[in-house]
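Enquirer: Turn this into a structure:
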Amino acid sequence: MPDNTQAQARSDLAAAFRWTARLNMHESVANHFSLALDEAGHRFLINPNGRHFSRIGVRDLIEIDAHDPKTLERPDAPDPTAWGLHGAVHRACPHARCVMHVHSIHATVLAALADSRLPAIDQNSAMFFDRHVIDERYGGMALGEEAERCVGLLADPKIIAMVMGNHGVLVVGASVAEAFHRLYYFERAAETYVRALQTGRPLRVMPDAVAEKTAREWEDYPGFAEAHLREIKAILREEGSDFEG
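Expert: Sure thing, here's the model as predicted:
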């Protein structure tokens, strides 16, 4: 990745961390975002261990190699679960350029339900129609075999989100803008669904054909994800944020 493109990528990723914290979609000093730097996706950026999302800037992002077994011996080693999960994704799924994993409130509520499917009950949830998978075999933190097992569910490039049962959510995209856009809308869709369930009234679920049509329209909508991130960065800059410092 050329230097100017990598600088842009770092700026985008740092902004995504800051805005995720602002939306309270993060958790403590946990959760992780990563972004591939090379074509194979094996060299990638990730957040440092123990750093709050609201304080992450471009200089804090660390670059690691998904095939380097000594990564956790580095003085700036990432969180072990971050290395386990994101390293496994970047080794196995080159189409997943950007990977975002959080324990956001409503997505995690969805992950706690016996049926964790997200039905197409509104325009936002239709974005994920037939494009999300559910991991129903949670076996502990995302280390070693657990991480590799989760990644097996992401092999189909059509899949853009994984509800990690008893855990949280993971989304992927071709860029920071695309992945963050999906993360934002998944949480919004999960919140709408959870609130709809709370009414106790019947749900108005779209017919499959309409849901698929809407999902494709989301995919073809020009420049929406890029505009979303561009405006976030503009707001941060206007506020004097140091995310690019």
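Enquirer: Centre of the chain to the worst-scoring helix or strand of the chain on mean pLDDT, how far?
Expert: Taking mean pLDDT, DSSP states H and E as the measure, the helix or strand of the chain with the lowest value is helix 145-151, at a mean of 81. Centroid displacement of helix 145-151 relative to its chain, using C-alpha atoms, centre = their mean, to the nearest Å, is 16 Å.
Enquirer: Please point out which parts of it sit buried.
Expert: Glu146, Ala147, Glu148, Cys150, Val151 (16 or more other C-beta atoms under 10 Å). To be clear about C-beta, it is placed using only N, CA and C from the backbone, and glycine gets the same treatment.
Enquirer: Now distance to Asp242 too, for those residues, in a markdown table please.
Expert: Listed next are the buried residues of helix 145-151 as a markdown table, based on distance: C-beta to C-beta, whole Å:
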| residue | distance to Asp242 |
| --- | --- |
| Glu146 | 36 |
| Ala147 | 33 |
| Glu148 | 37 |
| Cys150 | 34 |
| Val151 | 34 |
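Enquirer: List just the nearest of those to Glu63.
Expert: Using C-beta to C-beta, Ala147 is the member of the buried residues of helix 145-151 that sits closest to Glu63, with 19.7 Å.
Enquirer: So which residues make contact with the least confident helix or strand of the chain?
Expert: 81, 84-85, 87-89, 91-93, 135, 137, 139-140, 142, 162, 164, 170 (C-beta atoms under 8 Å, 6 or more residues apart in numbering).
Enquirer: among these, which ones are buried?
Expert: 81, 84-85, 87-89, 91, 93, 135, 142, 162, 164, 170.
Enquirer: and which of the residues you listed is nearest to Ala209?
Expert: Checking the buried ones among the contacts of helix 145-151 against Ala209 by C-beta to C-beta gives Met162 as the nearest, at 24.6 Å.
Enquirer: The strand or helix carrying the closest one - contacts with which helices or strands?
Expert: If you go by DSSP states H and E, Met162 is part of strand 161-164. Secondary-structure packing of strand 161-164 (3 or more C-beta pairs under 8 Å, 6 or more residues apart in numbering; DSSP states H and E): helix 105-112, strand 132-135, strand 168-173.
Enquirer: what mean pLDDT does the shortest one have?
Expert: Throughout strand 132-135, pLDDT has a mean value of 96.
Enquirer: Mind naming the longest helix for the chain?
Expert: Ordering each helix of the chain by length in residues (DSSP state H) puts helix 176-199 first.
Enquirer: any idea how far the residue nearest the centre of the chain is from Glu238?
Expert: The centre of the chain sits closest to Met100, judged by C-alpha atoms, centre = their mean, with a distance of 2.3 Å. Using C-beta to C-beta, to the nearest Å, Met100 is found at 24 Å from Glu238.
Enquirer: How about Ala40?
Expert: Going from Ala40 to Glu238 by C-beta to C-beta gives 37 Å.
Enquirer: mind saving the C-alpha coords of the strand holding Met162 as CSV?
Expert: C-alpha atoms of strand 161-164 as CSV (Å, rounded to 0.1, in the frame of the first residue of the first chain):
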residue,chain,number,x,y,z
ALA,A,161,-21.6,-9.8,9.6
MET,A,162,-21.3,-12.6,12.1
VAL,A,163,-23.4,-12.7,15.2
MET,A,164,-21.1,-14.3,17.7
